[in-house]
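> Give me the fold of what follows.
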Amino acid sequence: MKRNFIITSLSIILMMACKQKENKQEATESPSEEVAMEAPAEVNITPIEHATAVMEWNGITLYMDPVGGKAAFEGQNSPDIILITDEHGDHYNLDTLKELDTQNTTIIAPQAVAIQMPEELSSKVTVLKNGETKTFSGISVEAIPMYNLREEALNFHTKGRGNGYVLTFGDERIYFSGDTEDIPEMRALQNINKAFVCMNLPYTMTVESAADAVIEFKPKEVYPYHYRGRPDVSDVAKFKTLVNEGDPNISVVQLDWYPKDDF
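This next block holds a predicted model:
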């Protein structure tokens, strides 16, 4: 009788253990709720003219080197952030800044530009020096040097005066060269998704120099911009050929930076 009781008890315990295992297995095997993953916000870039562009990201509007007056930005949102690379008129235009709606705008500029602004604009300016990085509305902005190397061009853009910029939008890094030659600081850039690279003589660099630098720092995509020189316009088709021959993994993207002209 005692033995039968023990056997019965063990049977009950085993049955309960098996039932618990089944329940646990069912719970484990039941489909879990899918977690919706948001895709990273895309950066939309609109060329305006020459060195001027508009960027939209995550509800934030950025103007790069705004010139051309208010009419050049018809249909665009008012800027939350304005970036200015240099004091020359194709990058810094006070009349344009006065015409734009900058009531809630942060202006990022080098000191050489900031000191030329009237009080109503200079109070909005954050000065970045070469090598400095600050974050604005979730966008990391790093000031990259821009300057000339050729002896005959040294006075056009002196080292430390202007800024190129690397903008980090989430996981995407976008480089605007500003007015520069193929300086070591550009060649040392890493993990650039999109690179906007100038090429116009006599002010910046040759197509060959621009292509050689791009092949070294290897952006995923490169956009030739700021290629109208004096008197010639740079051969962006040749630039594309040189880059593709040097590294076919780099995509060369041509946008219309001169909508009023035939090039």
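> the helices in the stretch 151-263 of the chain, which residues?
Secondary structure of the stretch 151-263 of the chain by DSSP state H, counting those that start in this stretch: the helices cover 184-187, 207-217, 236-246.
> list the helices and strands the shortest one packs on?
Identification of packing neighbours for helix 184-187 by 3 or more CB pairs under 8 Å, 6 or more residues apart in numbering; DSSP states H and E yields strand 139-146, helix 207-217. (Glycine included, C-beta is placed from N, CA and C.)
> possible to save the ones you listed as JSON lines with distance to Asp90, mean neighbour count and mean pLDDT?
JSON lines is the format used below for the helices and strands packed on helix 184-187 (distance: least, CB to CB, whole Å; neighbours: other CB atoms under 10 Å; pLDDT from 0 to 100):
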{"stretch": "strand 139-146", "distance to Asp90": "13", "mean neighbour count": "21", "mean pLDDT": "98"}
{"stretch": "helix 207-217", "distance to Asp90": "18", "mean neighbour count": "21", "mean pLDDT": "98"}
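> Any chance of TSV for those, columns distance to Ala112?
Listed next are the helices and strands packed on helix 184-187 as TSV, based on distance: least, CB to CB, whole Å:
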stretch	distance to Ala112
strand 139-146	12
helix 207-217	24
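> hmm, back to that, nearest to Pro47, of the helices of the stretch 151-263 of the chain?
Comparing the helices of the stretch 151-263 of the chain against Pro47 with CB to CB, the closest turns out to be helix 236-246 (12.9 Å).
> Now do the strands in the stretch 51-200 of the chain.
Taking DSSP state E, counting those that start in this stretch as the test, the strands found in the stretch 51-200 of the chain are 52-57, 60-64, 81-83, 106-109, 125-127, 133-136, 139-146, 162-169, 172-176, 194-197.
> What pairs with the second one, parallel or antiparallel?
This points to strand 60-64. strand 52-57 (antiparallel), strand 81-83 (parallel) (DSSP bridges).
> which residues touch the shortest one?
What that stands for is strand 81-83. Identification of contacts with strand 81-83 by CB atoms under 8 Å, 6 or more residues apart in numbering yields 60-66, 97, 100, 102, 105-109, 136-137, 139, 141, 165, 167, 176.
> let's go with 10 Å and repeat that
With contacts defined as CB atoms under 10 Å, 6 or more residues apart in numbering, strand 81-83 is touched by 53, 55, 60-66, 91, 96-97, 100, 102, 105-109, 121, 124-126, 128, 136-137, 139, 141, 143, 163, 165, 167, 176, 178.
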